[in-house]
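1. Here is my input; please provide its structure:
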Amino acid sequence: MPERRVSLLVTAGDGPAECNQAVGHILDRMGEEAERNAFDLSVHRSEGQHGPRSAVVLVDGADADDFAGRWLGTIQWRMQSSIRPNHKRANWFVGVFRLDQRTETDNAIRESDVTFSALRAGGPGGQHQNTTDSAVRAVHRATGLVVVVRDGRSQHRNKALALKRLANLIQARALADRELMKSSHNRLHRELDRGNPVRRFKGERFVEVD
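-> The predicted structure follows:
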(Lines give C-alpha, C1' and ligand atoms only; values in the text may rest on other atoms or scores of the structure.)
Protein backbone atom coordinates (compact mmCIF):
# COMPACT_ATOMS: atom_id res chain seq x y z
CA MET A 1 0.00 0.00 0.00
CA PRO A 2 1.48 3.42 -0.92
CA GLU A 3 2.45 5.85 1.79
CA ARG A 4 -0.10 8.52 2.67
CA ARG A 5 0.50 11.93 4.16
CA VAL A 6 -2.13 13.84 6.12
CA SER A 7 -1.70 17.41 7.38
CA LEU A 8 -3.59 18.45 10.52
CA LEU A 9 -4.08 21.71 12.38
CA VAL A 10 -4.56 21.37 16.15
CA THR A 11 -5.84 24.65 17.61
CA ALA A 12 -7.14 26.06 20.86
CA GLY A 13 -9.03 28.67 18.84
CA ASP A 14 -9.93 31.65 21.00
CA GLY A 15 -9.90 29.46 24.12
CA PRO A 16 -8.12 30.40 27.35
CA ALA A 17 -4.72 29.21 28.58
CA GLU A 18 -6.15 25.89 29.77
CA CYS A 19 -6.96 25.06 26.15
CA ASN A 20 -3.28 25.58 25.31
CA GLN A 21 -2.47 22.98 27.95
CA ALA A 22 -4.96 20.66 26.30
CA VAL A 23 -3.25 21.12 22.92
CA GLY A 24 0.02 20.02 24.55
CA HIS A 25 -1.62 16.89 25.97
CA ILE A 26 -3.15 16.05 22.58
CA LEU A 27 0.22 16.34 20.84
CA ASP A 28 1.78 14.05 23.46
CA ARG A 29 -1.00 11.49 23.02
CA MET A 30 -0.72 11.67 19.23
CA GLY A 31 2.99 10.97 19.56
CA GLU A 32 2.35 7.93 21.75
CA GLU A 33 -0.23 6.52 19.33
CA ALA A 34 2.06 7.13 16.37
CA GLU A 35 4.91 5.34 18.13
CA ARG A 36 2.75 2.32 18.90
CA ASN A 37 1.61 2.09 15.28
CA ALA A 38 4.95 2.92 13.62
CA PHE A 39 3.79 6.19 12.05
CA ASP A 40 6.17 9.06 11.42
CA LEU A 41 4.74 12.15 13.08
CA SER A 42 6.20 15.60 12.35
CA VAL A 43 5.01 18.51 14.51
CA HIS A 44 5.49 22.26 14.51
CA ARG A 45 4.16 23.97 17.66
CA SER A 46 3.22 27.65 18.03
CA GLU A 47 3.93 28.15 21.71
CA GLY A 48 2.04 30.31 24.17
CA GLN A 49 2.77 31.02 27.83
CA HIS A 50 0.99 27.90 29.10
CA GLY A 51 1.42 25.58 26.14
CA PRO A 52 1.02 25.56 22.36
CA ARG A 53 -1.77 27.74 20.99
CA SER A 54 -1.78 25.61 17.87
CA ALA A 55 0.31 23.03 16.03
CA VAL A 56 0.74 21.65 12.54
CA VAL A 57 0.98 17.85 12.49
CA LEU A 58 2.11 15.80 9.49
CA VAL A 59 1.27 12.10 9.62
CA ASP A 60 3.12 9.79 7.23
CA GLY A 61 2.16 6.15 6.78
CA ALA A 62 -0.06 3.75 4.87
CA ASP A 63 -2.86 4.17 7.44
CA ALA A 64 -2.40 7.91 8.00
CA ASP A 65 -6.04 8.62 7.09
CA ASP A 66 -7.30 6.19 9.75
CA PHE A 67 -4.99 7.73 12.35
CA ALA A 68 -6.15 11.25 11.50
CA GLY A 69 -9.78 10.19 11.45
CA ARG A 70 -9.60 9.24 15.13
CA TRP A 71 -8.72 12.83 16.01
CA LEU A 72 -10.62 15.04 13.58
CA GLY A 73 -13.22 17.18 15.31
CA THR A 74 -13.56 18.62 18.81
CA ILE A 75 -11.52 17.18 21.69
CA GLN A 76 -12.79 17.71 25.25
CA TRP A 77 -10.57 17.78 28.35
CA ARG A 78 -12.24 17.81 31.76
CA MET A 79 -9.86 19.16 34.38
CA GLN A 80 -10.02 21.64 37.23
CA SER A 81 -7.79 24.52 36.18
CA SER A 82 -4.26 24.50 37.59
CA ILE A 83 -3.80 28.04 36.28
CA ARG A 84 -6.95 29.43 37.93
CA PRO A 85 -7.74 27.02 40.80
CA ASN A 86 -10.89 28.88 41.83
CA HIS A 87 -12.31 29.03 38.33
CA LYS A 88 -15.67 27.25 38.08
CA ARG A 89 -15.18 26.03 34.53
CA ALA A 90 -13.68 22.53 34.18
CA ASN A 91 -14.29 21.66 30.50
CA TRP A 92 -11.78 22.76 27.85
CA PHE A 93 -12.03 22.24 24.11
CA VAL A 94 -9.56 21.94 21.23
CA GLY A 95 -10.22 21.55 17.51
CA VAL A 96 -8.39 19.22 15.12
CA PHE A 97 -8.85 20.07 11.45
CA ARG A 98 -7.46 18.68 8.20
CA LEU A 99 -5.38 21.10 6.15
CA ASP A 100 -6.06 21.22 2.41
CA GLN A 101 -3.12 19.39 0.84
CA ARG A 102 -3.99 20.52 -2.67
CA THR A 103 -2.14 23.78 -2.02
CA GLU A 104 1.01 22.05 -0.75
CA THR A 105 4.12 21.77 -2.90
CA ASP A 106 7.37 19.96 -2.33
CA ASN A 107 9.80 22.89 -2.28
CA ALA A 108 13.29 21.46 -2.31
CA ILE A 109 15.48 21.76 0.77
CA ARG A 110 19.22 21.41 0.38
CA GLU A 111 20.90 18.66 2.36
CA SER A 112 23.58 21.18 3.37
CA ASP A 113 20.91 23.15 5.29
CA VAL A 114 19.98 20.16 7.44
CA THR A 115 21.70 18.46 10.38
CA PHE A 116 21.22 14.68 10.40
CA SER A 117 21.70 12.21 13.24
CA ALA A 118 21.23 8.44 13.19
CA LEU A 119 18.65 6.63 15.32
CA ARG A 120 17.73 3.03 15.92
CA ALA A 121 14.78 2.06 13.74
CA GLY A 122 12.02 -0.02 15.31
CA GLY A 123 8.59 -1.45 14.61
CA PRO A 124 5.29 -0.81 16.41
CA GLY A 125 5.65 -0.44 20.14
CA GLY A 126 9.42 -0.48 19.87
CA GLN A 127 9.46 -4.10 18.73
CA HIS A 128 11.66 -5.70 16.07
CA GLN A 129 14.52 -3.28 16.52
CA ASN A 130 16.96 -3.22 13.62
CA THR A 131 20.63 -3.83 14.28
CA THR A 132 21.65 -0.82 12.16
CA ASP A 133 21.03 2.88 12.74
CA SER A 134 18.89 3.33 9.64
CA ALA A 135 16.41 5.87 11.06
CA VAL A 136 17.36 9.54 10.92
CA ARG A 137 16.51 12.71 12.80
CA ALA A 138 16.73 15.79 10.58
CA VAL A 139 16.86 19.39 11.84
CA HIS A 140 16.35 22.25 9.41
CA ARG A 141 18.78 24.80 10.80
CA ALA A 142 17.04 27.91 9.43
CA THR A 143 13.67 27.16 11.02
CA GLY A 144 14.50 24.67 13.78
CA LEU A 145 11.91 22.25 12.39
CA VAL A 146 12.58 18.58 13.16
CA VAL A 147 11.42 15.35 11.54
CA VAL A 148 12.22 11.73 12.35
CA VAL A 149 12.07 9.19 9.52
CA ARG A 150 12.38 5.46 10.09
CA ASP A 151 10.36 3.71 7.40
CA GLY A 152 12.92 3.61 4.59
CA ARG A 153 15.12 0.55 4.16
CA SER A 154 18.37 2.48 4.34
CA GLN A 155 19.76 5.60 5.96
CA HIS A 156 20.25 7.10 2.49
CA ARG A 157 16.55 6.60 1.70
CA ASN A 158 15.47 8.02 5.05
CA LYS A 159 17.60 11.13 4.51
CA ALA A 160 15.87 11.71 1.19
CA LEU A 161 12.45 11.24 2.82
CA ALA A 162 13.45 13.60 5.64
CA LEU A 163 14.29 16.40 3.19
CA LYS A 164 10.90 15.95 1.51
CA ARG A 165 9.01 15.89 4.82
CA LEU A 166 10.78 19.01 6.05
CA ALA A 167 9.65 20.78 2.88
CA ASN A 168 6.11 19.49 3.45
CA LEU A 169 6.15 20.64 7.07
CA ILE A 170 7.33 24.12 6.15
CA GLN A 171 4.62 24.36 3.50
CA ALA A 172 1.93 23.05 5.88
CA ARG A 173 3.00 25.55 8.53
CA ALA A 174 2.66 28.39 6.00
CA LEU A 175 -0.78 27.09 5.01
CA ALA A 176 -1.88 26.92 8.65
CA ASP A 177 -0.67 30.48 9.23
CA ARG A 178 -2.80 31.66 6.32
CA GLU A 179 -5.82 29.72 7.59
CA LEU A 180 -5.46 31.29 11.02
CA MET A 181 -5.07 34.81 9.64
CA LYS A 182 -7.77 35.04 6.99
CA SER A 183 -11.55 34.85 7.28
CA SER A 184 -11.51 31.05 7.59
CA HIS A 185 -9.92 31.60 11.03
CA ASN A 186 -13.35 32.57 12.32
CA ARG A 187 -14.86 29.58 10.51
CA LEU A 188 -12.44 27.21 12.27
CA HIS A 189 -13.44 28.66 15.61
CA ARG A 190 -17.12 28.32 14.84
CA GLU A 191 -16.56 24.71 13.80
CA LEU A 192 -14.99 23.98 17.18
CA ASP A 193 -18.30 22.49 18.33
CA ARG A 194 -18.27 22.39 22.11
CA GLY A 195 -21.34 20.19 22.25
CA ASN A 196 -20.17 17.17 20.29
CA PRO A 197 -16.58 16.09 21.05
CA VAL A 198 -15.18 13.13 19.12
CA ARG A 199 -12.87 12.15 22.00
CA ARG A 200 -12.95 12.96 25.72
CA PHE A 201 -10.14 13.02 28.27
CA LYS A 202 -9.96 13.90 31.95
CA GLY A 203 -7.50 14.74 34.68
CA GLU A 204 -3.87 15.72 34.85
CA ARG A 205 -2.84 12.39 33.32
CA PHE A 206 -5.11 13.00 30.30
CA VAL A 207 -6.95 9.69 30.62
CA GLU A 208 -9.41 8.93 27.83
CA VAL A 209 -13.04 8.30 28.85
CA ASP A 210 -16.04 6.99 26.92
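
2. who does the host helix or strand of Ile75 touch, helix- and strand-wise?
-> When secondary structure is defined using DSSP states H and E, the element that contains Ile75 is strand 73-78. Counting contacts by 3 or more C-beta pairs under 8 Å, 6 or more residues apart in numbering; DSSP states H and E, strand 73-78 is packed against helix 17-36, strand 91-98, strand 199-202. All C-beta spots, glycine's among them, are computed from the backbone N, C-alpha and C.

3. what's the closest of these to Leu169?
-> In terms of C-beta to C-beta, the element of the helices and strands packed on strand 73-78 nearest to Leu169 is helix 17-36, at 14.2 Å.

4. and the closest one, which residues are buried?
-> When neighbours are counted by 16 or more other C-beta atoms under 10 Å, the buried residues of helix 17-36 are found to be 17-27, 29-30, 34.

5. hmm, who's touching the helix or strand containing Arg137?
-> Using DSSP H and E, Arg137 sits in strand 135-140. With contacts defined as C-beta atoms under 8 Å, 6 or more residues apart in numbering, strand 135-140 is touched by 109, 113-122, 145-150, 155, 158-159, 162-163, 165-166, 170.

6. distance of Arg157 from Arg150?
-> The spacing between Arg157 and Arg150, counted by C-beta to C-beta, to the nearest Å, is 11 Å.

7. ok, back up a step: could the buried residues of helix 17-36 be laid out in TSV, adding pLDDT?
-> Supplementary listing: the buried residues of helix 17-36 in TSV, determined by pLDDT from 0 to 100:
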residue	pLDDT
Ala17	95
Glu18	96
Cys19	95
Asn20	96
Gln21	97
Ala22	97
Val23	97
Gly24	97
His25	98
Ile26	98
Leu27	97
Arg29	96
Met30	95
Ala34	87
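
8. can you map out the strands along the protein?
-> In the chain, strands defined by DSSP state E lie at 4-11, 40-48, 51-61, 73-78, 91-98, 114-119, 135-140, 146-149, 199-202, 207-209, listed in chain order.

9. could you redo those strands as a markdown table and give each row distance to Arg178?
-> Supplementary listing: these in a markdown table, determined by distance: least, C-beta to C-beta, whole Å:
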| stretch | distance to Arg178 |
| --- | --- |
| strand 4-11 | 11 |
| strand 40-48 | 13 |
| strand 51-61 | 12 |
| strand 73-78 | 22 |
| strand 91-98 | 13 |
| strand 114-119 | 25 |
| strand 135-140 | 20 |
| strand 146-149 | 22 |
| strand 199-202 | 27 |
| strand 207-209 | 32 |
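
10. Nearest to Glu191, out of those?
-> The closest of the strands of the chain to Glu191 is strand 91-98. By C-beta to C-beta, the value is 6.7 Å.

11. where does this protein dip in pLDDT?
-> Where the chain drops to pLDDT under 70, the residues are 1-3, 101-107, 121-133, 152, 181-190.
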